[in-house]
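Enquirer: My questions concern the predicted model and sequence given below.
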Amino acid sequence: MSDHDETLCEIFEHSTIDEMRERVKDPKWICKGCGRAANKKEYLCEPVEL
Ligand SMILES: [Zn+2]
């Protein structure tokens, strides 16, 4: 079984500045777990609406 449980918040850490910029632009969601903001909840591990 390979249920990978890497959070999408972790993906942010591997992203380039340009990718980050696209994902945090005009944020609608914030992660309760790590405090990151993003414009799609899919990018976050514990999204709550801003
Ligand atoms: Zn998170």
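Expert: Received, thanks.

Enquirer: And the top helix by length along the chain, how far out from the chain middle?
Expert: The longest helix of the chain (DSSP state H) is helix 17-24. Averaging C-alpha positions (C-alpha atoms, centre = their mean, to the nearest Å) puts helix 17-24 10 Å from its chain's average.

Enquirer: could you dump that helix to CSV, C-alpha only?
Expert: Extracted in CSV, the C-alpha atoms of helix 17-24 (Å, rounded to 0.1, in the frame of the first residue of the first chain):
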residue,chain,number,x,y,z
ILE,A,17,9.1,31.3,-6.2
ASP,A,18,7.1,31.6,-9.4
GLU,A,19,4.9,28.7,-8.5
MET,A,20,4.4,30.0,-5.0
ARG,A,21,3.4,33.3,-6.3
GLU,A,22,0.7,31.8,-8.5
ARG,A,23,-0.7,29.7,-5.5
VAL,A,24,-0.8,32.4,-2.9
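
Enquirer: Tell me if that helix is near the ion.
Expert: No - judged by C-beta under 5 Å from the ion, helix 17-24 stays clear of the ion, getting no closer than 12.5 Å. Every C-beta, even on glycine, is put in place using the N, C-alpha and C of the backbone.

Enquirer: can you list contacts of the next helix or strand after that helix?
Expert: Sequence-wise, the next helix or strand downstream of helix 17-24 (DSSP states H and E) is strand 29-31. With contacts defined as C-beta atoms under 8 Å, 6 or more residues apart in numbering, strand 29-31 is touched by 9, 36-41, 43-50.

Enquirer: residues making contact with the helix or strand following strand 29-31?
Expert: Using DSSP H and E, the helix or strand that follows strand 29-31 in sequence is strand 37-38. If you take C-beta under 8 Å, 6+ apart as the criterion, strand 37-38 is touched by 12, 23, 24, 27, 28, 29, 30, 31, 44, 47, 50.

Enquirer: just those residues: which has the poorest pLDDT?
Expert: Here the lowest pLDDT out of the contacts of strand 37-38 sits on residue 12, with 81.

Enquirer: Please, which helix or strand holds that residue?
Expert: Per DSSP H and E: residue 12 is located in helix 8-13.

Enquirer: neighbours of residue 21, just the number please.
Expert: A total of 10 residues lie near residue 21 under the criterion other C-beta atoms under 10 Å.
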